[in-house]
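Q: For reference, the sequence and a predicted model appear below.
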Amino acid sequence: MKSATENRSLKRDRIIYWIFTSLIVILESVIPALTFNSEMAKEGISHLGFPDYFRIELTVGKILGGILLILPMIPARLKEWAYVGFGITFISAMTGHLVIDGISEAMIPFIGLVLLTVSYIFYHRIKNQSLSTTGTMGKADLSDSKDFSRPKPQSSTV
């Protein structure tokens, strides 16, 4: 049985997780999906030296990553890959802007990386709290707790 303090802590962690994850999804999935074909987006990609088709690839990846992060029923392994993808995107954007435009433009993707990091930390906090108190994750948790990284031991029939 959870204490009132544990319940408040879990509730607070969930609120923080959903705020930061929603910000990432809105800023990195929804807005790019609506604006990827604008002149500003086209100029931004070419300004950094990327070919125009990269703009479309990047937008598709951001939309898929946002879907993976925001839907609670997505397996944890896929959410991890979405976090990795967004992390690489932010680090690459910081590098590109730093080289081409200087540190002031590199701060925008850095802020995105901070938002992503907070979301990631609280994703694992909630996941660990749920696992430690119940032994398994409940229906209302962020995603299922399937762990595909370790194969199940085979029973030997000797």
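A: That came through fine. Here the structure is a predicted model, which means the values were calculated and not measured. Residues are numbered from 1 along each chain as shown.
Q: so for stretch 23-35, what's the average pLDDT?
A: Stretch 23-35 carries an average pLDDT of 95.
Q: ah, wrong one, I meant stretch 120-130
A: 91.
Q: With adjacent residues omitted, what lies nearest to the most centrally placed residue in the chain?
A: Residue closest to the average C-alpha location in the chain (Cα atoms, centre = their mean): Y83, at 3.7 Å. Nearest in space to Y83, with sequence neighbours left out and distances taken as Cβ to Cβ, 6 or more residues apart in numbering, is Y120 at 5.2 Å. Using the backbone N, CA and C atoms, a C-beta is placed for each residue, glycine as well.
Q: wait, the one you found sits on V84?
A: No: the criterion here is Cβ atoms under 8 Å, and Y120 misses it with V84 at 9.8 Å.
Q: Which one's more surrounded, those two?
A: Neighbour count, other Cβ atoms under 10 Å: between Y120 and V84, Y120 has more, with 22 against 12.
Q: Tell me the spacing between that one and G65.
A: As judged by Cβ to Cβ, to the nearest Å, Y120 and G65 stand 13 Å apart.
Q: could you point out where this protein is predicted with low confidence?
A: Within the chain, the stretches with pLDDT under 70 are 1-2, 133-158.
Q: one step back: in which helix or strand does the residue nearest to Y83 reside?
A: Under DSSP states H and E, the secondary-structure element containing Y120 is helix 103-134.
Q: Identify all contacting residues around stretch 13-24.
A: 66, 69-70, 86, 112, 115-116, 118-119, 122-123, 125-126, 129, 142 (Cβ atoms under 8 Å, 6 or more residues apart in numbering).
Q: whoops, I mixed them up, stretch 104-111
A: Contacts for stretch 104-111 (Cβ under 8 Å, 6+ apart): T89, F90, I91, A93, M94, T95, H97, L98.
Q: And for the third one, nearest residue in space, chain neighbours not counted?
A: Leaving out its chain neighbours, the residue that sits closest to I91 by Cβ to Cβ, 6+ apart is L113, at 6.9 Å.
Q: wait, doesn't that neighbour sit right on S92?
A: No: here L113 does not reach S92: they are 10.7 Å apart, not a contact under Cβ under 8 Å.
Q: Go through the strand or helix carrying I63 and flag the buried ones.
A: Using DSSP H and E, I63 sits in helix 52-70. Buried residues in helix 52-70, counted by 16 or more other Cβ atoms under 10 Å: R55, L58, T59, G61, K62, I63, G65, G66, L68, L69, I70.
Q: Lovely, talk soon.
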